[in-house]
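**Q** next comes the sequence, and after it the predicted model I'd like to discuss.
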Amino acid sequence: MQERQTKQKQIIYDALKTLNHPTATEVYGWVHEAHPTVSRATVFRVLGGFAANGKALELRTAGNEIRYDYNVEPHWHGRCMTCGKLADVEAKGLPARGIEASACDEFEVQGYVLEFFGACKECREMAKA
């Protein structure tokens, strides 16, 4: 059965595409500004649905809130150690479709997270000042 595409879902998806790896709270703020009738619960529910249905990625990075990415193609992310901002990272030498892994002792590998970290442009400029 195909999921219904509602106006609210389109508004939330537009926010996801406009914002850079936003949290659910950031998406809600953007949506609420232009469409105050869309509730916080709706935004959080729809984002969870997007992640469950493969329409968005749910990014769980160390020490930060869950963030969302509309780009569901395989790619890597880097996290600013100062402000927590995420950015897409091009990593040469890593396979585009991910790393194959297996484990011993009857452990089944179901996934992995590879996290790059550093400093975003804004934080580097503030450190120079």
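**A** The structure has been received and is ready for your questions.
**Q** now F116: which helix or strand?
**A** strand 115-118 (DSSP states H and E).
**Q** export only the CA atoms of that strand, formatted as CSV.
**A** Extracted in CSV, the C-alpha atoms of strand 115-118 (Å, rounded to 0.1, in the frame of the first residue of the first chain):
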residue,chain,number,x,y,z
GLU,A,115,32.0,9.5,11.9
PHE,A,116,34.4,12.1,10.8
PHE,A,117,35.0,15.0,13.1
GLY,A,118,36.7,18.4,13.0
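**Q** partner strands of it and their direction?
**A** On the basis of DSSP bridges, the sheet neighbours of strand 115-118 come out as strand 76-80 (parallel).
**Q** downstream of the strand it pairs with, the next helix or strand is which one?
**A** Strand 76-80 is succeeded, C-terminally, by strand 86-89 (DSSP H and E).
**Q** what's next to that following strand, contact-wise?
**A** Counting contacts by CB atoms under 8 Å, 6 or more residues apart in numbering, the residues outside strand 86-89 that touch it are 20-21, 59, 61, 67, 69, 71, 75-80, 116, 120. Where you see a C-beta, it was placed from the backbone N, CA and C, and this is true even at glycine.
**Q** picking that back up, report the buried residues of the strand holding F116.
**A** Residues of strand 115-118 include none that count as buried (16 or more other CB atoms under 10 Å).
**Q** so where is this structure shaky, pLDDT-wise?
**A** Applying pLDDT under 70 to the chain picks out residues 1-5, 62-63, 96-98.
**Q** look at the residue of it most remote from its centre and give its secondary structure.
**A** Using CA atoms, centre = their mean, the residue of the chain lying farthest from its centre is D105. It sits 32.4 Å away. Assigned with DSSP: H, G, I helix; E, B strand; the rest coil, D105 falls in the coil class.
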